[in-house]
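# need a structure here:
(one chain, ligands or ions: 1)
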Amino acid sequence: MARHAEFPYFLTFNTVIAYNAFALHGTPVDLIIMDNQIPLATIQTLARSVFKEAAKYGFSQLDVIRLVNELMDNCTAQEREIAGPIGNHEEPTVMTSGTACLPLSSKRLMIRSFDAESDIALLDTWLSVKYGRHFVLSSTAAQSISIDELVFGERNHLGIITTLEQKPIGALAYLDHDDGQRRAELRKLIGDSEYRGKGFAEEATRLWIAYGLDALKLDKIYVSTLQTNLGNIRLNERIGFQVEGLLRDELLIDGVRHDVLRMGYCRNYPVPT
Ligand SMILES: CC(C)(COP(=O)(O)OP(=O)(O)OC[C@H]1O[C@@H](n2cnc3c(N)ncnc32)[C@H](O)[C@@H]1OP(=O)(O)O)[C@@H](O)C(=O)NCCC(=O)NCCS
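Take a look at the predicted model:
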């Protein structure tokens, strides 16, 4: 698809613009729009994040230009090496029927109800390490709550991700479930490091969303993530979440304020994934 316009006001999700000369001679901007590309909001977020880090480091304008050149060089080198696009793995198979109650199952995993008696110690272990604590730390609904409040809070729903052999590998949650507003904050965690980076989080989250829509009747599911958590942002996007805004200096973690990216998934505005 290709379109032409004077100004890029109509940019939408899954759209990228290639500026073709805002000509030196003052001709209008010529825009080529291509589908299925990274959303502009994500690129802006990433740029802001890199810029913020660079500024902290003391980059001058010239250093920023050198950085952009290095990025382009890396990009060109990668294009030559890569056989397919990043994340071009087999699409996880998820059974979307039968999601009205737990347990849920898909090709490689299951999600069962959280059993406070047997699961609380395991969850505590996962949340105690630096990697896992972002399950609650970057949440806007539950940042400073205790594990008991997390598990027993009336507005929270927790699930445990297991292998098909019933080995627990992670957790999922809907926090601050507002029944009247039909919305909740989704959280995910792969606690067992052996199962990270293998697509289990994506497979489990797709199931959990189906459960949220079918069983909890949610119309709106949102996630909050540190804008530096790029893997998580990319994963959310693949699943169909859209960036809704950047909450500046939203969270205080270990004495440092962090921007939080808010992403949303709406029943009435499904994004093709
Ligand atoms: C966020 C989190 C759950 C993601 O887990 P994960 O294991 O990295 O997620 P996945 O395996 O689904 O996806 C990660 C990568 O594996 C790749 N992958 C997916 N399927 C794959 C497969 N079948 N084989 C190999 N790789 C695969 C994905 O392409 C993805 O690559 P990318 O990083 O280039 O996008 C995990 O980092 C975590 O527990 N973080 C701590 C808690 C947290 O921050 N939670 C977020 C708050 S909501």
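
# What pLDDT does the model give the residue of the chain found nearest the ligand?
With Cβ to the nearest ligand atom as the measure, Gly199 is the residue of the chain nearest to the ligand, at 2.2 Å. Any C-beta I mention is one placed from the backbone N, CA and C, and that applies to glycine too. As predicted, Gly199 sits at a pLDDT of 97.

# How about Leu216?
97.

# Need the three-state assignment for it.
At Leu216, secondary structure determined by DSSP: H, G, I helix; E, B strand; the rest coil is coil.

# burial measure for it, as a count.
Here the number of neighbours of Leu216 (other Cβ atoms under 10 Å) works out to 16.

# That one contacts Ala173, doesn't it?
No: proximity of Leu216 to Ala173 does not meet the contact threshold set by Cβ atoms under 8 Å, at 11.8 Å.

# what is in contact with these two at once?
Taking Cβ atoms under 8 Å, 6 or more residues apart in numbering as the criterion, Leu216 and Ala173 both touch His157.

# before we move on, back to that, what separation do you get for the residue of the chain closest to the ligand and Leu235?
Shown here: Gly199 relative to Leu235, a distance of 9 Å by Cβ to Cβ, to the nearest Å.

# Over to Leu189?
Taking Cβ to Cβ, one finds Leu189 at 12 Å from Leu235.

# Let me see the ranges of the strands in the stretch 101-250 of the chain.
Remark: strands assigned in the stretch 101-250 of the chain by DSSP state E, counting those that start in this stretch are 104-105, 109-113, 157-163, 168-178, 183-190, 220-226, 242-253.

# would CSV of those with mean neighbour count be doable?
Converted to CSV, the strands of the stretch 101-250 of the chain look like this (neighbours: other Cβ atoms under 10 Å):
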stretch, mean neighbour count
strand 104-105, 21
strand 109-113, 19
strand 157-163, 21
strand 168-178, 21
strand 183-190, 22
strand 220-226, 21
strand 242-253, 15
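
# Next to the ligand, which bits of this structure? Give me the list.
86-87, 89, 131-132, 134-135, 138, 187-190, 196-202, 223, 225, 229, 231-232, 234-235 (Cβ under 6 Å from any ligand atom).

# Name all residues that make contact with Ile190.
161, 169-170, 196, 200-201.
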